[in-house]
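K.L.:
with the sequence up front, the predicted model follows.
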Amino acid sequence: MKILLVNECSNLHTTLAKGLKTLGHQVTTISGGNGWRNYPRDISLERKTPSHFDGIRYLARLYSILPKLTGYDIVQINNPIFFDVKAERLFRIYDYLRNHNGSIFLGAFGTDYYWVKTCCDEKPLRYSDHNFGNVVRTNREALIDQQEWLGTAKERLNQHIATSCNGIIACLYEYWVCYQYAFAQKTTFIPLPIDTPLGDPSVNTVIPKPLKVFIGIDLERNAYKGTDIMLKAAEALLKKYPDRMVLKKAESVPFSEYQHMMDNSDVILDQLYSYTPSMNSLLAMSKGIVVVGGGEPENYEIIGEKDLRPIVNVEPNYESVYHELEQLVLHPERIPELKCQSVEYIKKHHDFVKVAMQYVDFWNR
């Protein structure tokens, strides 16, 4: 098949493209590289700044490219805001793609109207980026998302796309459960693809002393993802156990540098408010790094995993992070088994070729 993957989110489309190409499909990716992360792409469409001048230049390049984005069997967009222009302009661009290609699919890969609305209103999750139980979160980042997606052109665009597209793919349990309310018949869950190493990666089974802990910080969404709380807990433990623990921080660095900084760590702290591991967590697991973060029972249930439990799950609060990380610092003998389980988990559920096959199967259905 001839496949077009539009825009990027945490290296998902780039990794999926590699899996699809391995299966023999012709794939084109177009994105701006997801900002400072600078993920690779076939067609680069990058808006340098939010200025009016750069907006005009971006739009002109987009319109010049559009005729080339036709004749594909499959088009998949990563979000209702799939190009860096206002929602009002994307109605016509989406309809153009839908009318000049075979089938078009929406990725439920991040923040959108159905995610924000469902978490704020129906609240199917015990906690999320937008609620703690029955209480709607009011931190700055959550309020910005609520203002942008509720009762706006973004909401109308998301509704238009979700209603008219051929199918919706959710990459996390959380996004899947939110889309079930309105589009259960056309929504599926497919795990995130991870570019797994060739052969069996060697896992260091030596008990780590000191424990090397890594945390990646997106300065723009620090509180939103709970990184501020996780970092505070880690720094407190580092002060308490300076001889038993090492802490490394990566702050808003490009993806290639982020991967390099992560290497040789024992533990990664990531995604406090998530039920499921993110792309960064899964990438770490593929390297034999233990994740402290989102690993709720629903994560294992949706993929049918009965035995492996490699993720050190935490509740969305300081005390839980502190406690679970302290247990690893005090009992590093747990680390080798968790590392081995992490690698096995990725090979079993997230191998990029296996995941690509699931996408092809859903697209064909």
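P.N.:
It's in.

K.L.:
okay, how far is it across stretch 63-81, tip to tip?
P.N.:
16 Å (Cα to Cα, to the nearest Å).

K.L.:
any buried residues in that stretch, and which?
P.N.:
L69, Y72, I74, V75, Q76, I77, N78, N79, P80, I81 (16 or more other Cβ atoms under 10 Å). For every residue, glycine as well, the C-beta is placed using N, CA and C.

K.L.:
so which of those residues belong to helices?
P.N.:
Residues of the buried residues of stretch 63-81 located in helices (DSSP state H): none.

K.L.:
take the residues you listed and write them to a markdown table, including pLDDT and distance to S164.
P.N.:
Compiled in a markdown table, the buried residues of stretch 63-81 are given as follows (pLDDT from 0 to 100; distance: Cβ to Cβ, whole Å):
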| residue | pLDDT | distance to S164 |
| --- | --- | --- |
| L69 | 98 | 17 |
| Y72 | 98 | 17 |
| I74 | 98 | 16 |
| V75 | 98 | 13 |
| Q76 | 98 | 14 |
| I77 | 98 | 12 |
| N78 | 97 | 17 |
| N79 | 98 | 16 |
| P80 | 98 | 12 |
| I81 | 97 | 16 |
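
K.L.:
what's the closest of those to K21?
P.N.:
I74 (13.6 Å; Cβ to Cβ).

K.L.:
can you show me the helices along the chain?
P.N.:
Using DSSP H, the helices of the chain run over residues 12-22, 52-65, 87-99, 113-120, 140-149, 153-164, 173-183, 227-240, 255-262, 279-286, 297-303, 318-330, 335-349, 352-364.

K.L.:
tell me the contacts of the most far-flung residue of the chain relative to its centre?
P.N.:
The outermost residue of the chain, judged against the average C-alpha position, is D243 (33.8 Å), by Cα atoms, centre = their mean. Shown in contact with D243 (Cβ atoms under 8 Å, 6 or more residues apart in numbering): P210.

K.L.:
what's the pLDDT at it?
P.N.:
For D243, the pLDDT comes out at 96.

K.L.:
what do you get for W176?
P.N.:
Predicted confidence (pLDDT) for W176: 98.

K.L.:
the residue farthest from the centre of the chain and I346: what is the separation?
P.N.:
Going from D243 to I346 by Cβ to Cβ, to the nearest Å gives 32 Å.

K.L.:
cool, L66 as well?
P.N.:
Going from L66 to I346 by Cβ to Cβ gives 37 Å.

K.L.:
quick one, phi/psi of the residue farthest from the centre of the chain?
P.N.:
With angles defined as degrees, to the nearest 10, D243 sits at phi -90, psi -10.

K.L.:
buried stuff in stretch 26-46?
P.N.:
Neighbour counts over stretch 26-46 (16+ other Cβ under 10 Å) mark 27-35, 37-39, 41, 45 as buried.

K.L.:
which of those sit farthest apart?
P.N.:
Using Cβ to Cβ, the buried residues of stretch 26-46 span at most 22.2 Å, a distance reached by V27 and G35.

K.L.:
H349 contacts P191, correct?
P.N.:
Yes: the criterion here is Cβ atoms under 8 Å, and H349 meets it with P191 at 5.3 Å.

K.L.:
what is the least confident helix or strand in the chain?
P.N.:
Lowest by mean pLDDT, DSSP states H and E among the helices and strands of the chain is helix 255-262, with a mean of 83.

K.L.:
so what does that one touch, helix or strand wise?
P.N.:
strand 211-217, strand 245-251, helix 279-286 (3 or more Cβ pairs under 8 Å, 6 or more residues apart in numbering; DSSP states H and E).

K.L.:
can you check which of the ones you listed gets nearest to P124?
P.N.:
Among the helices and strands packed on helix 255-262, the nearest to P124 by Cβ to Cβ is helix 279-286 (22.1 Å).

K.L.:
give the other helices and strands that the closest one contacts.
P.N.:
Under the contact criterion of 3+ Cβ pairs under 8 Å, 6+ apart, helix 279-286 touches helix 255-262, strand 267-270, strand 290-293, helix 335-349.

K.L.:
quick one: contacts of stretch 329-343?
P.N.:
200-201, 203-209, 211, 237, 241, 244-245, 266-267, 284-286, 288-291, 308-312, 327-328.
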